[in-house]
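1. Sequence first, predicted coordinates after that:
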Amino acid sequence: MARGAIDYGRMVEQALRTVVRDVLRRLATEGLPPPHHFYITFRTADPGVEMPDYLRERYPVEMTIVLQHQYWDLEVDDQGMAVTLSFNDVPQRLRIPFHAIKVFADPGAEFGLQFTLEPDIVPLPAPAAEKKPAAAAKPAEGEPPAGGAEIVALDRFRKK
């Protein structure tokens, strides 16, 4: 990009990642009101992703988790989220930086975001809210359901 050019696509994606952060902060402090539940697809090889080696071997490129019924100790900070999920009845702690998230969907609200740019790894702006852990999503290994949530793909707004 030419010097002085404004990279609107990157700016919009970073702003939308703050939406994901703010929603997850609300989940951590207030719990999960029905019908909301979240599908989060993330790149497993991105810097800062922490997960057990056997899961990274099984999902070397990306993985989808669901925050709905069985999740514990959700923590959200300016850089990402950490959550404990059960895999084959064994609790495992995952740390997912916001820059690693590819898809965030809430089928209960028919809402979704798809991040298509390779992110610059920069911190999100800090909000005024505090973080508090919450309880209770079940991991999912598939993609978000085809029907229901509308995924907003930002590449349709980009100049080709």
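-> Perfect, I can see it now.
2. Name whatever forms a beta bridge with residue 103.
-> Beta bridges link residue 103 to residue 41, residue 114, judged by DSSP bridges.
3. thought it was touching residue 40?
-> Yes. Judged on CB atoms under 8 Å, residue 103 makes contact with residue 40 at a distance of 7.1 Å. The C-beta positions use only the backbone N, C-alpha and C, and glycine is treated the same way.
4. Those two: which is more packed in?
-> Set residue 103 next to residue 40 and count neighbours by other CB atoms under 10 Å: residue 40 wins out with 24 against 19.
5. residues in contact with that one?
-> 64-67, 96, 101, 103-105 (CB atoms under 8 Å, 6 or more residues apart in numbering).
6. Strands - which of these land there?
-> 64-67, 96, 101, 103-105 (DSSP state E).
7. Could you work out the most separated pair of those?
-> Taking CB to CB as the measure, the ones in strands among the contacts of residue 40 span a maximum distance of 14.8 Å, between 96 and 105.
8. Residue 52 and residue 34: what is the separation?
-> Separation of residue 52 from residue 34 (CB to CB, to the nearest Å): 31 Å.
9. So which of those two has more stuff around it?
-> Shown here are residue 52 and residue 34; by other CB under 10 Å, residue 52 has more neighbours (13 against 7).
10. State the pLDDT value of the more buried one.
-> The per-residue pLDDT reported for residue 52 equals 96.
11. Am I right that it is in contact with residue 88?
-> No. Contact criterion CB under 8 Å: residue 52 and residue 88 do not qualify, at 11.5 Å.
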